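K.L.:
everything below, folded, please.
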Amino acid sequence: MLNSFFDKFIFTSTLTYKHNNFFLVNMPFVILPVQVLARIAEKGDKDLNNELYFAVKDSLKTSLRKELQIDFGVEGDKGLEFMEAFFTASGWGKIERADLDFEKGHAIVSVSNSIVAAQCQGVKAPVDTFLRGFLAGIFSTYFKKDVDCVETKCVALNEQHCEFVIKPLAEFNFEHKVSRDQLKVE
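P.N.:
Next up is the predicted model:
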């Protein structure tokens, strides 16, 4: 079978392949070679990365969570654990929360084995723009307040794992280059 997470969806017939498309709980998805994402990440184009980050964040906040039928208000931590398991099982790496403060809207997330970061070569900055967007969208919904995400450690920069800091935009220190480069400040 696929893996223990997706096997459950296969067993319940909620992971399907019909009309030449994959569907998970009626949400269409594609299987994509990692090199496509790695080549985009290697470009290091700040404007492109900002566009991708906000598009992914908005998508998670508005549609993916609904299509997967996650209601954090009802499910609380179980819904958050489901989303972490979903992205881990989907091949983005092992996603684990290192810290969480619901009241402040803060989280630190560690990702081991980020396949996109591992495939990037010759970069000078963190590359996991898609993961940052996923995490910002998920945690904005979970915290019920808008938060953003900065990658502070990256496997592509020879770190052991990738690390992401999630909190409200106003709380990031924009004197740090990493924050300035990853978040658009108006």
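
K.L.:
CA only for contacts and neighbour counts going forward, please
P.N.:
Will do.

K.L.:
ok, Gly133 - contacts?
P.N.:
Leu52, Tyr53, Phe54, Ala55, Val56, Lys57, Leu60, Cys149 (Cα atoms under 8 Å, 6 or more residues apart in numbering).

K.L.:
actually Phe164, sorry about that
P.N.:
Contacts of Phe164 (Cα under 8 Å, 6+ apart): Ile108, Val109, Ser110, Arg132, Cys149, Val150, Glu151, Thr152, Lys153.

K.L.:
that one: what's its closest spatial neighbour, skipping adjacent residues?
P.N.:
Closest residue in space to Phe164, ignoring its immediate chain neighbours: Glu151 at 4.3 Å, by Cα to Cα, 6 or more residues apart in numbering.

K.L.:
what is the neighbour count of the one you found?
P.N.:
23 (other Cα atoms under 10 Å).

K.L.:
on that earlier part again, quick check on the contacts of Gly133: which are buried?
P.N.:
Leu52, Tyr53, Phe54, Ala55, Val56, Lys57, Leu60, Cys149 (16 or more other Cα atoms under 10 Å).

K.L.:
can you add pLDDT and distance to Pro28 and give the residues you listed back as JSON lines?
P.N.:
Formatted as JSON lines, the buried ones among the contacts of Gly133 follow (pLDDT from 0 to 100; distance: Cα to Cα, whole Å):
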{"residue": "Leu52", "pLDDT": "96", "distance to Pro28": "19"}
{"residue": "Tyr53", "pLDDT": "96", "distance to Pro28": "20"}
{"residue": "Phe54", "pLDDT": "95", "distance to Pro28": "21"}
{"residue": "Ala55", "pLDDT": "96", "distance to Pro28": "17"}
{"residue": "Val56", "pLDDT": "95", "distance to Pro28": "16"}
{"residue": "Lys57", "pLDDT": "95", "distance to Pro28": "18"}
{"residue": "Leu60", "pLDDT": "87", "distance to Pro28": "14"}
{"residue": "Cys149", "pLDDT": "98", "distance to Pro28": "26"}
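
K.L.:
tell me which of those fall in strands.
P.N.:
If you go by DSSP state E, the buried ones among the contacts of Gly133 have Cys149 in strands.

K.L.:
let me know the average pLDDT across stretch 33-44.
P.N.:
What stretch 33-44 shows for mean pLDDT is 93.

K.L.:
stretch 168-183 too?
P.N.:
For stretch 168-183, the mean per-residue pLDDT is 94.

K.L.:
compute the first-to-last residue distance for it.
P.N.:
11 Å (Cα to Cα, to the nearest Å).

K.L.:
please enumerate residues in contact with it?
P.N.:
Residues from elsewhere that reach stretch 168-183, judged by Cα under 8 Å, 6+ apart: 46, 49-50, 105-106, 125, 145-148, 150-152.

K.L.:
report the buried members of those residues.
P.N.:
Buried among those by 16+ other Cα under 10 Å: Asn49, Asn50, Gly105, His106, Ala125, Asp146, Val147, Asp148, Val150, Glu151.
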